[in-house]
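Student: Make a model of this:
(chains A, B, C and D)
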Number of protein chains: 2
Amino acid sequence: MNISEARTRIVATADELYNARGIQAVGMDELRAAAGVSLKKLYQEFPSKGSIVMAVLERRHRSWAEGLEATVRQAATPRERLLAIFDYLAQWFCEDSFRGCGFINSFAELGAVSPEVAEYAREHKASFQDYVVRLANEAGAPSYLAPQLSILAEGAQTTAAIAGTTEAARQARSAAEVLIDTALGGRSSRAA
Amino acid sequence: MNISEARTRIVATADELYNARGIQAVGMDELRAAAGVSLKKLYQEFPSKGSIVMAVLERRHRSWAEGLEATVRQAATPRERLLAIFDYLAQWFCEDSFRGCGFINSFAELGAVSPEVAEYAREHKASFQDYVVRLANEAGAPSYLAPQLSILAEGAQTTAAIAGTTEAARQARSAAEVLIDTALGGRSSRAA
DNA sequence: ACCGAGCGAGAACGAACGTTCTCCCCTCTC
DNA sequence: GAGAGGGGAGAACGTTCGTTCTCGCTCGGT
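Tutor: Below you'll find the predicted structure:
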């Protein structure tokens, strides 16, 4: 077995388990069993559980960024690209495994106790916000639009996670339409 | 010492500690020390840690509902009452102890493992959404407005928590103004 | 003054967890 | 074929945690 293949499987399995049940609720032995590796190999690939958590966060960040980018790329106009954020959310919420944003969850679980996790969650959110800023700029929108849309996206994620329904994506999208059209149409009017 | 006074102090202390460091990171012994009660009294008042967690959630719910209601009541018009939601958030985010919505956090930490916690978080969010629906109705807004504002409020909370800044309240408020004015002004136009 | 009930302090217990160690088998090399 | 090295299974270790138990003290009633 390739050493890097074991790593990949460990991180992928950890991602699933941590997402489904929470990081602290999944022990190393359960992860070992689910990933089909020995404990020795686990600790050969990762020095500690904390480093697995960080690897999972990196994987989640990559997966999110790539998935979002792929959905956005399909949109034709700058306005549609901004709205594509919410289409991506809608599709994500439909997955059986959806249990809320993994960064919000890990921040809530470990942010107060692990500076690394807190910092990575912050970076992930900042990178998303930067991305929205870029999309908003390409649409020629005033600078206050991007944070508004980011907040809508965050809210849709937690609402969908806790309520267990998918409608928040649609509701957030319709709100985003209003915000975008107002920002693009009525130049000069209102600022944050 | 009044028996109910001990209860109150235990729950208040647990609220602080759980909020600051996470539920799972705070042991019964630390709670006992911080609340200044004996372990015996602790288990005399509550059968288990889980029941303390539920009592904390109930306290948080009451505190949230009362604080929100108090802020909303100060607003003069239905439109301002809707916006008061975000003034309440702004004020909350400024508190040193703010570390995100306690229900989102406890849901992320224990929701997958404790059906009671998950259910209570759901109920809390549903009750907030109902409240927004009521305020929106009093403003004569179409039914799609309330979920939009609820999502904004959720998003502001997680954004403020992770970024560690307070500006999300202001940004969400300005977005809410747009959504409210659009919903109240352009009757018939767009629905969710 | 004495007895019993209640309380605080903290030891004790059992379980779970992260991490390391041991033992055994397989395999590859000479 | 013998020996060594690596890897898997899982026992072991030390810690932490939730919960219970023990012990000694205090205090109120008669």
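Student: Flag every residue of chain A that's near DNA strand C.
Tutor: A:Gln24, A:Ala25, A:Val26, A:Gly27, A:Met28, A:Asp29, A:Leu39, A:Lys40, A:Tyr43, A:Ser48, A:Lys49, A:Gly50 (Cβ under 7 Å from any atom of the strand). Yep, even glycine has a C-beta here, placed from its N, CA and C like the rest.
Student: give me that answer again for 6 Å
Tutor: By Cβ under 6 Å from any atom of the strand, the part of chain A that sits against DNA strand C consists of A:Gly27, A:Met28, A:Leu39, A:Lys40, A:Tyr43, A:Ser48, A:Lys49.
Student: give me phi/psi at the first one?
Tutor: A:Gly27 adopts backbone torsions of phi -80, psi 170, taken as degrees, to the nearest 10.
Student: For it, give its distance to DNA strand D.
Tutor: A:Gly27 sits 10 Å away from DNA strand D, going by Cβ to the nearest atom of the strand, to the nearest Å.
Student: picking up where we left off before, quick check: the farthest pair among the residues of chain A next to DNA strand C?
Tutor: By the measure Cβ to Cβ, A:Gly27 and A:Lys40 form the most distant pair in the residues of chain A next to DNA strand C, at 16.2 Å.
Student: Just among the residues of chain A next to DNA strand C, which is most surrounded?
Tutor: With neighbours taken as other Cβ atoms under 10 Å in any protein chain shown, the top of those is A:Lys49, carrying 17 neighbours.
Student: Does it touch A:Met28 like I think?
Tutor: Yes. Assessed by Cβ atoms under 8 Å, A:Lys49 is found in contact with A:Met28 at 6.0 Å.
Student: Give me the contact list for stretch A:16-31.
Tutor: With contact meaning Cβ atoms under 8 Å, 6 or more residues apart in numbering or on different chains, stretch A:16-31 is reached by A:10, A:13-14, A:34, A:39, A:42, A:49, A:52-53, A:56, A:97, A:99, A:102, A:105-106, A:109-110, B:24, B:108-113.
Student: quick one, what contacts whatever residue of chain A ends up closest to chain B?
Tutor: Taking Cβ to the nearest Cβ, chain B has its nearest neighbour within chain A at A:Gly155, 2.9 Å off. Contact analysis of A:Gly155 by Cβ under 8 Å, 6+ apart lists A:Ala168, A:Ala172, B:Ser150, B:Ile151, B:Leu152, B:Ala153, B:Glu154, B:Gly155, B:Ala156, B:Thr158.
Student: Widest-spaced pair of these?
Tutor: Using Cβ to Cβ, the two most remote members of the contacts of A:Gly155 are A:Ala168 and B:Ala156, lying 14.6 Å apart.
Student: Those two: which is more packed in?
Tutor: Each of A:Ala168 and B:Ala156 has its neighbours counted (other Cβ under 10 Å); B:Ala156 has more, 32 against 27.
Student: Mind telling me what element the more buried one is part of?
Tutor: helix B:145-163 (DSSP states H and E).
Student: Confirm for me that A:Ala141 is in contact with A:Thr182.
Tutor: No. Between A:Ala141 and A:Thr182 there is no contact, the gap being 9.9 Å when judged by Cβ under 8 Å.
Student: Spell out whether the helix or strand of chain A at the bottom of the mean pLDDT ranking and DNA strand D are in contact.
Tutor: Lowest by mean pLDDT, DSSP states H and E among the helices and strands of chain A is helix A:3-21, with a mean of 92. No. Judged by Cβ under 6 Å from any atom of the strand, helix A:3-21 stays clear of DNA strand D, getting no closer than 7.5 Å.
Student: ok so, going back, the helix holding B:Ala156 versus helix A:145-163: what angle between them?
Tutor: Following axes from the mean of the first three to the mean of the last three Cα atoms, to 10 degrees, one obtains 100 degrees for the angle between helix B:145-163 and helix A:145-163.
Student: If you average the pLDDT over helix B:145-163, what comes out?
Tutor: Taken as a whole, helix B:145-163 has a mean pLDDT of 98.
Student: Summarise which helices and strands the next helix or strand after that helix is packed against.
Tutor: Going down the chain from helix B:145-163, the next helix or strand is helix B:167-185, by DSSP H and E. Judged by 3 or more Cβ pairs under 8 Å, 6 or more residues apart in numbering or on different chains; DSSP states H and E, the packing partners of helix B:167-185 are helix A:145-163, helix A:167-185, helix B:78-93, helix B:145-163.
Student: Toward the C-terminus from the shortest one, list the very next helix or strand.
Tutor: Which is helix B:78-93. Proceeding N to C from helix B:78-93, the next assigned helix or strand is helix B:102-110, under DSSP H and E.
Student: For that following helix, which helices and strands make contact with it?
Tutor: With contacts defined as 3+ Cβ pairs under 8 Å, 6+ apart, the packing partners of helix B:102-110 are helix A:102-110, helix A:145-163, helix B:3-21, helix B:49-73, helix B:115-138, helix B:145-163.
Student: ok, is the first one in contact with DNA strand D or not?
Tutor: No. Residues of helix A:102-110 contacting DNA strand D under Cβ under 6 Å from any atom of the strand: none, with a closest distance of 13.4 Å.
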